[in-house]
Structures are given as structure tokens and as C-alpha cells.
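J.: Got a predicted structure plus its sequence, pasted below:
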Amino acid sequence: MKHAMVLLLFLTFGTSGMSQVLDRTTMYTLFDGKALESWKIPDGGEWTVKKGKIIAKNNPGKKGSILWTNESYNDFVVQLDFKMIKGNIDSGIFMRGEDKNNPQIQIGVSGSLKRDMTGSPYVPGAGYPVEAKNINRLLRLKGWNTIRARAVNNKYTVWLNGEEVMNYTLDNANLQGPIGIQLHPGREMEIHFKKVVIGKL
């Protein structure tokens, strides 16, 4: 399926540096509020669509899974809104795949650190090499949040609710791969997503 195209202007979104990069970037809708046609839907029923939202909820066996895009990407910026509904939220955005050469941008509580690491990159085998800034001030625990993650070559930048919170460079990073949204296994949790868009850079 061809993505719906949305031309977004980011001059009023947040920092001026972000606006310079993303102003007039053509953004494509990855979720139209109705169906997950741009995604590979895992078996098990953990991912559903209701009232314009993607609902991720562990099944009774606490199974987790990853919702992957059908398409792979090189340099890109991805943005989505998320809302923590209930439970021990442990989610995130996989940037170009799932291995030690791709960071996952955390949403919620780190299973290893036992504290909220939203906006920070998790790298398998290396843990959290840097920590996002000002998350306690910016994160809305009971409301909708907007997170944006950019990958240009091996450099990653994250914004939360309009403010830049993280920069990280990963040596030997994979430079192409799909984008994934995680529902961590072994949890009792529910998180909602909407307004998922991507721009190729």
C-alpha cells in the first residue's frame, strides 16, 4: 500500500534547530487511524485498532511482540503520539531493525534499570549509553505525548513534546532497516499510539 502523503511544516513545533532540518519535509502516514496496512501484524492479538488508535496490550500469557513496518528506511524521521494507559509500560521505537547495531528509543520503564528511560537509546549488549534529558519535566504520565526520532547515518536525535532531549552516535550502525514499535514481553501493560508519520531524509 502506498502511504498517504501529508506535508507538514514544523516551524512552530519546537527548537529552531529541529525546524531547520524538518521544515517542509514531506511526511507520510504510517497509520491512517483505520488499519495497519503499512505494518506486519504479529500473531497473537496484541495489536488492535480502535477509535483511531493503535492499541498494544499484553495477552494473558504476557506475550510481547514488535509491530514492524513493511518498508525499510535509510535516513528518516519518525513521529508518533503515545499514551500510557496502565501497567508497567515498557515500549519503544526500533530504528532500522533489532540487533546490536540498531538502537531502540525507549518509551517507559527500563526492565534492567527499573526506572523511566523515555527518549533514551537502548543498544543490545551496551545498555543505555546516554540518557535523555528533562524527561521528568516533559513526560505526561496521564496524557498524550509526542515523540520524534531522527536517524541520519549513525547519528540519532530524539525530541519529546517539542524539546530536544537526546543525541547519540552509534559506531558500526546499520544504515538501513524497518521501523518497529515494541510491546515488551513479561509485562501487564497497555499503551496507545496515534498520528504515526515518517519523513525520508
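T.: Structure received.
J.: C-alpha only now, for contacts and for neighbours.
T.: Fine.
J.: K86 - how many residues pack around it?
T.: 12 (other C-alpha atoms under 10 Å).
J.: Now do the same for it: its pLDDT.
T.: pLDDT recorded at K86 is 96.
J.: where's it, which helix or strand?
T.: strand 76-87 (DSSP states H and E).
J.: what does Q106 give?
T.: With DSSP H and E as the test, Q106 turns up in strand 104-108.
J.: Show me how far that strand is from its chain's centre.
T.: Per C-alpha atoms, centre = their mean, to the nearest Å, the displacement of strand 104-108 from the mean C-alpha position of its chain is 7 Å.
J.: That one to strand 76-87, inter-axis angle?
T.: 30 degrees (axes from the mean of the first three to the mean of the last three C-alpha atoms, to 10 degrees).
J.: Let's see strand 104-108 as PDB, backbone CA atoms only.
T.: Taking Å, rounded to 0.1, in the frame of the first residue of the first chain, the C-alpha atoms of strand 104-108 are listed here in PDB:
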ATOM      1  CA  GLN A 104      15.800   1.200  20.300                       C
ATOM      2  CA  ILE A 105      14.400   4.600  21.500                       C
ATOM      3  CA  GLN A 106      12.800   3.700  24.900                       C
ATOM      4  CA  ILE A 107       9.300   4.600  25.900                       C
ATOM      5  CA  GLY A 108       8.600   3.900  29.500                       C
END
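J.: can you tell me the average pLDDT over it?
T.: 98.
J.: How about stretch 73-81?
T.: Averaged across stretch 73-81, pLDDT comes to 97.
J.: just to revisit the earlier point, can you list contacts of the strand holding Q106?
T.: 88-95, 98, 115-123, 149 (C-alpha atoms under 8 Å, 6 or more residues apart in numbering).
J.: which among the residues you listed end up buried?
T.: Listed as buried from those are 88-95, 98, 116-123, 149; burial here means 16 or more other C-alpha atoms under 10 Å.
J.: rewinding a little: take the contacts of strand 104-108 and keep only those in strands.
T.: D90, S91, G92, I93, F94, M95, P121, Y122, A149 (DSSP state E).
J.: Nearest to E71, out of the residues you listed: which one, please.
T.: M95 (12.4 Å; C-alpha to C-alpha).
J.: Now that closest one: closest residue in space, sequence neighbours ignored.
T.: I179 (5.4 Å; C-alpha to C-alpha, 6 or more residues apart in numbering).
J.: residue contacts, the one you found?
T.: W68, T69, S72, Y73, I93, F94, M95, R96, G97.
J.: Can you tell me which of the ones in strands among the contacts of strand 104-108 is closest to K133?
T.: P121 (11.9 Å).
J.: coming back round to it: the strand holding K86 pairs with which strands, and in what direction?
T.: Next to strand 76-87 in the sheet, as set by DSSP bridges, lie strand 145-152 (antiparallel), strand 189-200 (antiparallel).
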